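Asker: Fold the following for me, if possible:
(2 chains)
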Amino acid sequence: MSEVITPREKDYSKWYNDIVVEADLADHSSVRGCMVIKPHGYAIWEKMQQALDKMFKDTGHVNAYFPLFIPKSLFEAEEKNAEGFAKECAVVTHYRLKNNPNEKGKLMVDPEAKLEEELIVRPTSEAIIWNTYKTWIESYRDLPILVNQWANVVRWEMRTRLFLRTAEFLWQEGHTAHATKEEAIAETKQMLDVYADFVENWMAVPVIKGVKTANERFAGADDTYCIEALMQDGKALQAGTSHFLGQNFAKAFDVKFVTKENKQEYVWATSWGVSTRLMGALIMSHSDNHGLVIPPKLAPTQVVIIPIYKGEEGLKKVSDVANDIKKRLQQKNISVKYDDRDSHRPGWKFAEYELKGIPVRITVGERDLANGTIEVARRDDLTKTTIQLTELDNYIENLLTEIQSSLLQKAQARMKDLTTRVDTYDEFKKVLDSKAGFVYAHWDGTPETEEKIKEETKATIRCIPINNPLEDGVCIYSGKPSQQRVLFARAY
RNA sequence: CGGGGUGUAGCGUAGUCCGGUAUCGCGCCACAUUUGGGAUGUGGAGGUCGUCAGUUCGAAUCUGGCCACCCCGACCA
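Answerer: Presented below is the predicted three-dimensional model:
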């Protein structure tokens, strides 16, 4: 048992934080609220980026890059959006420093270098992008525009948590422009499906697709679609969002196009994003008290080989076999690391790679050499098997597939266990306090009721699930009639 | 921004009440023995005790200001 990780049962937040730090994913930086993503963490993010980027390209999108800074006048153009983000914006007011005459060796902001117009550090890029699209779009022939950008954004959060909420974070934001409402809505839904597909099939995290209520909607959107995942502690995590922006930004930035019939019309818009928050979802879905568990499809290193030997000639003999194993697996497109460092003993390495979540560990010792075997250990269920070296290639390839699907199945089973239907407010509160998780309950559809429930229980409506079955009932709070159950949970 | 707490070696800490020049563990470096689940021994390096000022012969310790970080609330992907 690892001593470096606080047990999950003892303190879930501490457990999470310990995993992030001890598995070398990220660290607090000397900038308040900002983190350093370390190589192991960044490598996982890169795997996510690669998979998502391909999915975006496969659905016809292209990448571009827009500026970090947004002039205040552009930022405020779409009123609701500006208002929504106003409280958490970093603002650039000056462009120069100078030596402080009163304190040698110190710098100060040069008061003479004040900017004419303040620049907002982007919390999201709709403003700068729609200001640009205005110049790109004239006719229906210029549409659709299907652009994505990989970028960093800044939201000045009061309380931060590694990956889940940091002042600066990495994400992708897709911004599309369409000639018709129908096409824009189809795009919004398509990207929601892409996200759900990615999160389930790459991250092995099941999600519920749905629509946000007015209260939870993105500022400036007509509709916000989301995927909601459920963490091990029964709290929900919004894993991705896709917004149907209507003509709000087109109107704010005066982006019109000429139709086939030679009429002027406002452009329809969408935007959609996922962020490094996905790292948090990944960690909180699969990891255990031994450390991180990474699904094979996202593991930067899928297999690690550890030698066990006596003396230098022992190491040499084992290394010959280990290097051969490495080569064979690499030919199968499996990423392999052979750790022949002499500075640590095998037991130390076992614990280390478990902590870091490497899906499969192969141990080769001199005893194996004699028998033509190797020992294979799975990270997800910590079981060990001895196999014949001759079966290696297929065995490992199948094992990686098996681990990937087993992780998803386990997460699906957990989500099912942690989902409850309730019919009364008392029951609702009891479930939230005793087992947490997703709670399906009737709601009268008013923002007031939603707000009251949030105040009293800290639970929010995560979404109204897509294709939600209609069912007559009464609101658990107000007793008014309701046509469907919505998805409640306490959330990150 | 409110309420609470903490700053001592890379990390975790003792010492603070009662002032006398900093303890222990992990880690790090060297060498040796080790290597199938976080090895052992021996030797070694590493500190302006968050910061500034005050009291004192003398401050990690007492007093005051400042700074940083953490936890709980309001806000949030």
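Asker: contacts and neighbour counts: CA atoms only from here.
Answerer: Fine.
Asker: Give me the phi and psi for the spatially closest residue to A:Thr166 that is not a sequence neighbour.
Answerer: Leaving out its chain neighbours, the residue that sits closest to A:Thr166 by C-alpha to C-alpha, 6 or more residues apart in numbering is A:Thr160, at 5.0 Å. In terms of degrees, to the nearest 10, the main-chain angles of A:Thr160 are phi -120, psi 160.
Asker: Identify the residues contacting A:Thr160.
Answerer: A:33, A:166-167 (C-alpha atoms under 8 Å, 6 or more residues apart in numbering).
Asker: so can I have TSV of these showing neighbour count, distance to A:Thr176 and secondary structure?
Answerer: Shown next, in TSV, are the contacts of A:Thr160 (neighbours: other C-alpha atoms under 10 Å; distance: C-alpha to C-alpha, whole Å; DSSP: H, G, I helix; E, B strand; the rest coil):
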residue	neighbour count	distance to A:Thr176	secondary structure
A:Gly33	19	31	coil
A:Thr166	24	26	coil
A:Ala167	24	26	coil
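Asker: So which of those residues reach RNA strand B?
Answerer: A:33, A:166-167 (C-alpha under 7 Å from any atom of the strand).
Asker: Pick out whichever of the residues you listed sits closest to A:Arg379.
Answerer: A:Thr166 (29.1 Å; C-alpha to C-alpha).
Asker: Was I right to think that closest one contacts A:Asn152?
Answerer: No - at 11.2 Å, A:Thr166 and A:Asn152 do not qualify as touching, with contact defined as C-alpha atoms under 8 Å.
Asker: Identify the structural domains in chain A and state their residue ranges.
Answerer: Domain assignment of chain A by automatic domain parsing yields the ranges A:12-64+A:123-286, A:296-414, A:419-489.
Asker: ends of the last one, how far apart?
Answerer: Separation of the first and last residues of domain A:419-489 by C-alpha to C-alpha, to the nearest Å is 10 Å.
Asker: Can you pull up the most central residue in chain A?
Answerer: A:Leu278 (1.6 Å; C-alpha atoms, centre = their mean).
Asker: Wait, a helix at that residue?
Answerer: Yes - under DSSP: H, G, I helix; E, B strand; the rest coil, A:Leu278 sits within a helix.
Asker: ok, it touching A:Gln238?
Answerer: No - assessed by C-alpha under 8 Å, A:Leu278 is found out of contact with A:Gln238, at 9.0 Å.
Asker: circling back to that earlier point, under a three-state scheme, what state does the closest residue to the residue nearest to the centre of chain A other than its chain neighbours occupy?
Answerer: Excluding its sequence neighbours, the residue lying closest to A:Leu278 (C-alpha to C-alpha, 6+ apart) is A:Ala239, at 6.1 Å. Of the three states, A:Ala239 takes strand under three-state DSSP.
Asker: The one 5 residues further on now?
Answerer: State at A:Phe244, reduced to three classes by three-state DSSP: strand.
Asker: Look up how far RNA strand B lies from the closest residue to it other than its chain neighbours.
Answerer: Spatial nearest neighbour of A:Phe244, chain neighbours left out: A:Thr270 (4.7 Å); criterion: C-alpha to C-alpha, 6+ apart. Counting by C-alpha to the nearest atom of the strand, to the nearest Å, the separation of A:Thr270 from RNA strand B is 15 Å.
Asker: Look up which residues are beta-bridged to A:Thr270.
Answerer: A:Thr270 has the following beta-bridge partners by DSSP bridges: A:Thr176, A:Phe244.
Asker: Would you enumerate the residues in contact with it?
Answerer: Counted by C-alpha under 8 Å, 6+ apart, A:Thr270 has contacts A:174-177, A:184-185, A:187-188, A:242-246.
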